[in-house]
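# Quick one, what's the 3D model for this:
(chains A, B and C)
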Amino acid sequence: MAKKIQESSVKQDSSSFFEDVFEVARQIPKGRVTSYGAIAAFLGTRKSARMVGWAMNMAHSVHPKVPAQRVVNRNGILTGKHHFATPVLMQQLLEKEGIKIENDTVVDFENKFWDPAKELAL
DNA sequence: TTCCTGACTCCAG
DNA sequence: CCTGGAGCCAGGA
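I've put the predicted structure just below:
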């Protein structure tokens, strides 16, 4: 059956969901972090936070490279660290930027949090 | 084609 | 604070 092929074809208007995620992620200032949900909400699909994480999966394949280490879950936990080259790479990258990590969680997360809807508000 | 999984989040208890 | 269930979209078997 043809299913909903026409939808997929028309879905490409200006930029795909992934590319939007990459752009936002690249805007994250050094020493700051944000969450999957924040990005998803900024793009208008709050419930699609999982897709943001999925997009991060191919973050290493796009150009320029996306700082996926600056994207954590809503609790500031480095849930995606296991997907990096090494489980500690994500933490090391963040600490190098001035962010402290304790027990796989961003210290003072609320203060380091960078909200795209707020900072990128047009 | 269907079924399962996943770098999430919200809601209820 | 923790646990379980539902919603979300995409990709692999």
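
# Find the closest residue to DNA strand B in chain A.
DNA strand B sits closest to A:Gly80 of chain A, with a gap of 1.8 Å, by C-beta to the nearest atom of the strand. Bear in mind the C-beta positions are built from the backbone N, C-alpha and C, glycine included.

# which ones are touching A:Gly76?
The contact partners of A:Gly76, taken as C-beta atoms under 8 Å, 6 or more residues apart in numbering, are A:Val33, A:Ser35, A:Thr105, A:Val106, A:Phe109, A:Glu110, A:Lys112, A:Phe113.

# Quick check: residues of chain A near DNA strand B?
Within chain A, the positions adjacent to DNA strand B are A:1, A:3, A:35-38, A:40, A:46-47, A:49-54, A:56-57, A:59-60, A:68, A:71, A:73-75, A:79-80, A:82-84, A:90 by C-beta under 7 Å from any atom of the strand.

# Run a quick check on the residue of chain A closest to DNA strand B versus A:Met90, I expect a contact.
Yes - using C-beta atoms under 8 Å, A:Gly80 makes contact with A:Met90 at a distance of 6.9 Å.

# Just want to know which of those two has more residues nearby.
Counted by other C-beta atoms under 10 Å, A:Gly80 and A:Met90 do not tie: A:Met90 has more neighbours, with 24 against 18.

# So the more buried one versus A:Val107, what's the distance?
A:Met90 is 15 Å from A:Val107, where distance means C-beta to C-beta, to the nearest Å.

# can you check A:Gln91 too?
If you measure A:Gln91 against A:Val107 using C-beta to C-beta, the figure is 11 Å.

# Nothing else from me, thank you.
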